[in-house]
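how would this look folded up:
(chains A and B)
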2 protein chains.
Amino acid sequence: MSVYNFSAGPACLPKPVLERAQAEFCNFQNSGSGIIELSHRGKFFSPVIERAEANIRELMNISDDYAVCFIQGGASMQFAMTAMNLLNGGTADFVDTGVWAAKAAKEAKLFGTANIAASSKETKYDHIPAQSEWNLTPGAAYLHITSNNTIAGTQYQQLPKAPAGVPLIADMSSDIMSRVFDVNDFGLIYAGAQKNLGPSGVAVVIIRKDLAERTADTVPTMLRYSTYIENGSMFNTPPTFGIYILALVTDYFKEMGGIAAIEKINNAKAAKLYSFLDSSDFFASPVAVEDRSRMNVVFRTPSDELDAKFVKEATAAGLTDLKGHRLVGGCRASIYNAMPPEGVDALIDFMKEFARVNG
Amino acid sequence: MSVYNFSAGPACLPKPVLERAQAEFCNFQNSGSGIIELSHRGKFFSPVIERAEANIRELMNISDDYAVCFIQGGASMQFAMTAMNLLNGGTADFVDTGVWAAKAAKEAKLFGTANIAASSKETKYDHIPAQSEWNLTPGAAYLHITSNNTIAGTQYQQLPKAPAGVPLIADMSSDIMSRVFDVNDFGLIYAGAQKNLGPSGVAVVIIRKDLAERTADTVPTMLRYSTYIENGSMFNTPPTFGIYILALVTDYFKEMGGIAAIEKINNAKAAKLYSFLDSSDFFASPVAVEDRSRMNVVFRTPSDELDAKFVKEATAAGLTDLKGHRLVGGCRASIYNAMPPEGVDALIDFMKEFARVNG
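Reported below is the predicted structural model:
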């Protein structure tokens, strides 16, 4: 039975990536050792981290004004690091579109003022507040957004722009490299790799280099962006195996034709699934139509009991990890870059049959 | 040709661990997915992280007074985290036995006073200062040591004890689980996994639980030990693949008969290599005999040119990563738990032949 893994993260990797990593797991490039055993400063790993960075730069069209860093601790560490490095007692604006956005604001409060410029918390984060209604702080240290909300299933369809002179910071953990956009609109982008890019344990941080000069001297070495920029993310031993997988995944994205080609596939996958949801009398989406995520499709059956039955029977049919996040319940299909269209087709077929039997 | 990898870290893993990870890389326990793709909160990964912790507790005989945490950022992040959590503007004592010990003291200065109680820096860290000569601070917040010095090739033969009431903190990155000792003598032990335990990207932190209560409210969530203790290291997505390898490596340590059995093998490996060095007119060890590391054996040929030639020809013969750290030069053989005795035998045979031809 072929299995399609709809986990929100860690999530499925492209099959060719998995198979290649397996094939060379014990003997990387005839070195006699696995890449997981090799020195980060040796001749085998250096080209790997360089390729990972070069691939990301090429795929996202990143200029030399920006550094690409690999940092441990996931997006949750970035909630603190962004503020430690860039807030300096000032005020930053946060658009509260979900649990992760709120956590970012919470950590920032330790280093300055976190102004909630807008929030959809009262309606259970079922939409993205319209930019026209954001209460922005003049001269804010930065504006922070979460481009895709994994739990609530919402996503900025158009990424916003910050006022002139205000760096835009985005947590893109769950939709980085899923669509084309202009990196130059951002001061800093961060993303835990374990959704669209690779395994857990490494976050990609894309930062406009001049911003790293704002860090106060009181920030520890490992929490300063400048440490990663100046040392090519190798001040200390980086998470080598994760970076290796990142290199393979981005190789694969290039083979797929780059982000524009991937975006087309992603749009088609999401459109098919939402179209089915909208046509169904049995399943429903709780998310505002105009803000629906193309990465995390949240849906419900008519009852909690049927939600549970659906998840259980889907798992038995090889469609795994469809349970919604415990904070919102229901079901969720995460369909990141690595989810093939066939997985979405199989899910829809299963949903049709489940609705027929249980409807 | 069989290859023996003498890298100081990331370092060789036990062969059965590598082979098992390879075999199940794409399909973990018939889930249809690799462990690297599976949710950290799902039914497949939960037993893995539980087993990693249970193995560490069993192998090191750790009581319930201590928590075992898995934290990203390596030992370098622990240099800052120990001080952020436990210094609180006070004074801590540091024994400066090498580059890494000095880095730990440097980060602590951001959060209080770092008193260098003793240092062997003036003699290029060729020995461990005798405990009788340490200038300890009465009522220090803690005493920090580096149990094994990867670069200089020194190691505490007997681990010291701190004065009553002073928590002893040890960076054991390069010798954790290489020998038997009493965890109860320590307040906190930390170790990057990539030398003796597994891959880079995860550090093991063993902390007496009451110490985690000292953390000030101003410390960010991801940098508080209490966050890891209260959430079983799963406040956010942990580095799942690294923890999985840790579980396999510690399974293997148990199969070997536990730490006492491993220590015997380690002692025999090191004794054989040092015995050869001492008998050689060609090779020499620059380290004080009484402080020689059983993990990182530093040695030299009669000249820099011959050092380079040795490293190059050894690599060609399948004995890799023998170059000394750039700060001290020469050669270094890292012989952690996963290095089989046959690797040390092969190295000695090669050294004998190299000395014969070039001596």
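
all contacts plus neighbour counts: C-alpha atoms, from now on.
Will do.

helices of chain A, start to end?
Ranges of helices in chain A, per DSSP state H, are A:15-23, A:45-60, A:74-86, A:99-108, A:225-230, A:240-255, A:258-279, A:304-316, A:341-358.

so residue A:262 makes contact with residue A:178?
Yes: at 6.6 Å, residue A:262 counts as touching residue A:178 under the criterion of CA atoms under 8 Å.

those two: who's more crowded?
Higher neighbour count among residue A:262 and residue A:178: residue A:178, with 24 against 21, using other CA atoms under 10 Å in any protein chain shown.

nearest residue to that one in space, please, no chain neighbours.
residue A:263 (5.6 Å; CA to CA, 6 or more residues apart in numbering or on different chains).

what does residue A:71 give?
Nearest non-adjacent residue to residue A:71, counting by CA to CA, 6+ apart: residue A:203, 5.2 Å away.

what is the neighbour count of that neighbour?
Look at residue A:203: counted by other CA under 10 Å, it has 27 neighbours.

again, but for residue A:92
Neighbours around residue A:92, by other CA under 10 Å: 28.

identify the bridge partners of it.
residue A:114 (DSSP bridges).

shouldn't it be in contact with residue A:135?
No: Residue A:92 lies out of contact with residue A:135 (CA under 8 Å); the separation is 11.5 Å.

which bits of the stretch 51-200 of chain A sit near chain B?
A:71-74, A:76-77, A:80, A:107, A:110, A:199-200 (CA under 8 Å from any CA of the partner chain).

swap the cut-off to 6 Å and go again
Counting by CA under 6 Å from any CA of the partner chain, the stretch 51-200 of chain A comes close to chain B at A:72-73, A:77, A:110, A:200.

and residue A:295, how close does it get to residue A:121?
21 Å (CA to CA, to the nearest Å).

next: residue A:319.
From residue A:319 over to residue A:121 the distance is 31 Å, taken as CA to CA.

more neighbours, the two?
Taking neighbours as other CA under 10 Å, residue A:319 and residue A:121 compare with residue A:319 leading, 23 against 16.

mind listing what that one touches?
Neighbouring residues of residue A:319 by CA atoms under 6 Å, 6 or more residues apart in numbering or on different chains: residue A:4.

could I get the pLDDT score of it?
If you check residue A:319, the pLDDT there is 98.

check residue A:1 too.
What the model reports as pLDDT for residue A:1 is 69.

and what of residue A:327?
For residue A:327, the model assigns a pLDDT of 84.

just to check, residue A:263 is in contact with residue A:177?
No: with contact defined as CA atoms under 6 Å, residue A:263 does not count as touching residue A:177 (8.3 Å).

neighbour count for the two, which is higher?
Set residue A:263 next to residue A:177 and count neighbours by other CA under 10 Å: residue A:177 wins out with 23 against 17.

count the residues that sit near the residue nearest to that one when sequence neighbours are not counted.
Nearest residue to residue A:177, sequence neighbours excluded (CA to CA, 6+ apart): residue A:259, at 6.1 Å. Residues near residue A:259, counting by other CA under 10 Å, number 22.

same check on residue A:50?
Neighbours of residue A:50 under the rule other CA under 10 Å: 13.

distance-wise, check it relative to residue A:63.
From residue A:50 to residue A:63 the distance is 16 Å (CA to CA).

now swap in residue A:140 and tell me
Counting by CA to CA - residue A:140 and residue A:63 are separated by 25 Å.

how about residue A:174?
Residue A:174 is 23 Å from residue A:63, where distance means CA to CA.

neighbour count winner among those two?
Between residue A:174 and residue A:63, residue A:174 has the larger neighbour count (other CA under 10 Å), namely 27 against 12.

for the more buried one, what are its contacts?
Counting by CA under 6 Å, 6+ apart, residue A:174 touches A:148, A:195.

which residue is the nearest non-sequential neighbour of residue A:79?
Of all residues not flanking residue A:79 in the chain, residue A:104 sits nearest, at 4.5 Å (CA to CA, 6+ apart).

sorry, wrong one. I was asking about residue A:287.
Nearest to residue A:287 is residue A:126, by CA to CA, 6+ apart, at 5.0 Å.

the one you found against residue A:289, yeah?
No: counting by CA under 6 Å, residue A:126 does not reach residue A:289; the two are 9.6 Å apart.

between the two, tell me which one has more neighbours.
Neighbour totals were compared for residue A:126 and residue A:289, and residue A:126 leads with 21 against 13 (other CA under 10 Å).

now the more buried one: how far from residue A:97?
Going from residue A:126 to residue A:97 by CA to CA gives 8 Å.

repeat that for residue A:37.
For residue A:37 relative to residue A:97 (CA to CA), the value is 41 Å.

likewise for residue A:13?
For residue A:13, the distance to residue A:97 - CA to CA - is 27 Å.
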